[in-house]
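> Sequence below, structure please.
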Amino acid sequence: MSLSTLDDHIKKHSFKRCYLLYGAEPYMIRYYKNALKTAILGSGDAINLSTFSGKITDISSVIAAMQTLPFFSEYRCIVIENSGLFSAANELSSYIDKIPETTVIIFAETEVDKRTKLYKAITKIGQVEEFKIQNENELSKAIINKLASNNISISPELAKYFVIRIGMSMDELFSESNKLIAYVYEKKVATKEDIDYVCPRQLSDKIFDLMDFIGKKERENAMALYLDLISLQESPIKILSLINTHFYRLHCIKQWIDEGRKGEIAKPLKINPYYMPKYIEQTQNFSTEKLKEAVNQCLFTDNAIKTGEMNEEIAVELLIIRCSA
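Predicted structure coming up:
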């Protein structure tokens, strides 16, 4: 199945009896859930809509809704979200092929077990679509198209820069792109200066700068950046967590490179491949022992904060001083 098939069903008002939308990209799941629901019922038909949200324990209520005929409408629509029904066996799988032609069920789930009978039953009478996190090129094209729909142009290079700056979440990308559209609407073209002004760098990006200063033993610059982050109301705990994750990744990368496993690094550490050269460059500023020691220092600092032995802001400050010594 493809998204063009889903779009075709919506456009032609011709539906399968069951849809399963799942995966790691909530924006796309939500978009097609709402698009299908609106196409099936229109915008104001609450009478023929049943919604189940959260873990379902009473399957009989779902079955009853499935078997209810529509009231002065062509279809009845049932939306089931994050139900947990695809993690273990349940009786709903026996009823799926008995859904009336006038009922359309939309499942919206984060994770599913493809081995379950319910999943297999839906593949026979309905349509299944997994929404994965899209890559940078796909997201860049989405940003170009969104701006173009508002008569605003942006170069492919700047669209990619925008994605890298904001991150891979489509919710965040489209939220930030709305700000950019409002800002550049009059001049009809987006520039790097516009993006930098409207969309401040993420904290995770600033941690890269902080780690550069720490690795190069530029303690004054490291402390100045940390204090800037605190003045901007960033949480010391969040900063500590990002520093800890960064040191852990650098430690793993350095070890794996030494073992000749360079090509296997990005995926297990959940690193965007775009950032890998930067990580590899930063490993050159630390020895393996120094990175191991830094990870332990992060754990010590975290424990000292949680037990109340140290003030969180001062504790992270001391960590930065030690690691940049």
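
> going forward, measure contacts between C-alpha atoms and count neighbours the same way
Will do.

> May I have the helix or strand Met66 falls within exported as CSV, CA atoms only?
Met66 is located in helix 59-67, with elements delineated by DSSP states H and E. Taking Å, rounded to 0.1, in the frame of the first residue of the first chain, the C-alpha atoms of helix 59-67 are listed here in CSV:
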residue,chain,number,x,y,z
ILE,A,59,-14.0,-5.2,23.9
SER,A,60,-17.7,-5.8,23.9
SER,A,61,-18.4,-2.0,23.7
VAL,A,62,-16.2,-1.8,20.6
ILE,A,63,-18.0,-4.8,19.0
ALA,A,64,-21.4,-3.2,19.8
ALA,A,65,-20.3,0.1,18.1
MET,A,66,-19.1,-1.9,15.1
GLN,A,67,-22.4,-3.5,14.6
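
> which residues touch that helix?
Helix 59-67 is contacted from outside by 50, 52, 78, 91-92, 95, 99-100, 103, 105, using Cα atoms under 8 Å, 6 or more residues apart in numbering.

> how about 10 Å then?
Helix 59-67 has contacts (Cα atoms under 10 Å, 6 or more residues apart in numbering) with 48-52, 56, 76-80, 85, 90-92, 95-96, 98-100, 102-105.

> now that helix: mean pLDDT?
Mean per-residue pLDDT for helix 59-67: 92.

> Counting neighbours, which bits of that helix end up buried?
For helix 59-67, the neighbour count (16 or more other Cα atoms under 10 Å) marks 62-63, 65-66 as buried.

> Take these and write them to TSV, including distance to Asp171.
Formatted as TSV, the buried residues of helix 59-67 follow (distance: Cα to Cα, whole Å):
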residue	distance to Asp171
Val62	30
Ile63	33
Ala65	31
Met66	31
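
> now, which of the contacts of helix 59-67 lie within strands?
49-52, 76-80, 103-105 (DSSP state E).

> ok, of the contacts of helix 59-67, which come out buried?
48-49, 56, 76-80, 85, 92, 96, 99, 102-105.

> Count the neighbours of Gly215 for me.
22 (other Cα atoms under 10 Å).

> Just to check, it is in contact with Ile321?
No. The criterion here is Cα atoms under 10 Å, and Gly215 misses it with Ile321 at 11.4 Å.

> which residues are in contact with both of the two?
Common neighbours of Gly215 and Ile321 (criterion: Cα under 10 Å, 6+ apart): Ala222.

> With just CA atoms, put stretch 150-162 into CSV.
Taking C-alpha atoms only, stretch 150-162 is exported to CSV below (Å, rounded to 0.1, in the frame of the first residue of the first chain):
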residue,chain,number,x,y,z
ASN,A,150,1.8,29.8,0.7
ASN,A,151,3.6,31.3,-2.3
ILE,A,152,6.9,31.4,-0.5
SER,A,153,10.1,30.1,-2.0
ILE,A,154,13.0,28.4,-0.2
SER,A,155,16.0,26.7,-1.8
PRO,A,156,16.6,23.0,-1.3
GLU,A,157,19.8,23.8,0.7
LEU,A,158,18.0,26.1,3.0
ALA,A,159,15.1,23.7,3.5
LYS,A,160,17.6,21.0,4.6
TYR,A,161,19.3,23.6,6.9
PHE,A,162,15.8,24.3,8.4
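
> and it, which residues are buried?
For stretch 150-162, a neighbour-count test (16+ other Cα under 10 Å) marks 152-154, 158-162 as buried.

> quick one: the helices in the stretch 201-325 of the chain?
Applying DSSP state H, counting those that start in this stretch to the stretch 201-325 of the chain gives helices spanning 203-215, 219-231, 236-258, 276-283, 288-306, 312-323.

> can you put those in JSON lines and add distance to Lys120 and mean pLDDT?
Listed next are those as JSON lines, based on distance: least, Cα to Cα, whole Å; pLDDT from 0 to 100:
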{"stretch": "helix 203-215", "distance to Lys120": "41", "mean pLDDT": "89"}
{"stretch": "helix 219-231", "distance to Lys120": "50", "mean pLDDT": "93"}
{"stretch": "helix 236-258", "distance to Lys120": "39", "mean pLDDT": "92"}
{"stretch": "helix 276-283", "distance to Lys120": "39", "mean pLDDT": "89"}
{"stretch": "helix 288-306", "distance to Lys120": "45", "mean pLDDT": "94"}
{"stretch": "helix 312-323", "distance to Lys120": "51", "mean pLDDT": "95"}
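
> I'd like the ones you listed as CSV, with distance to His13 appended.
Output for the helices of the stretch 201-325 of the chain, formatted as CSV (distance: least, Cα to Cα, whole Å):
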stretch, distance to His13
helix 203-215, 44
helix 219-231, 52
helix 236-258, 47
helix 276-283, 45
helix 288-306, 55
helix 312-323, 57
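
> my read: Asn178 touches Lys146, true?
Yes. Judged on Cα under 10 Å, Asn178 makes contact with Lys146 at a distance of 9.0 Å.

> The two: who's more crowded?
Neighbours per residue, other Cα under 10 Å: of Asn178 and Lys146, the larger number sits with Lys146, 17 against 14.

> Could you say which helix or strand holds that one?
helix 136-148.

> helices or strands next to the next helix or strand after that helix in the packing?
Moving toward the C-terminus from helix 136-148, the next helix or strand (DSSP H and E) is helix 156-166. Applying 3 or more Cα pairs under 10 Å, 6 or more residues apart in numbering; DSSP states H and E, we find helix 156-166 packed against helix 136-148, helix 170-184, helix 192-198, helix 203-215.
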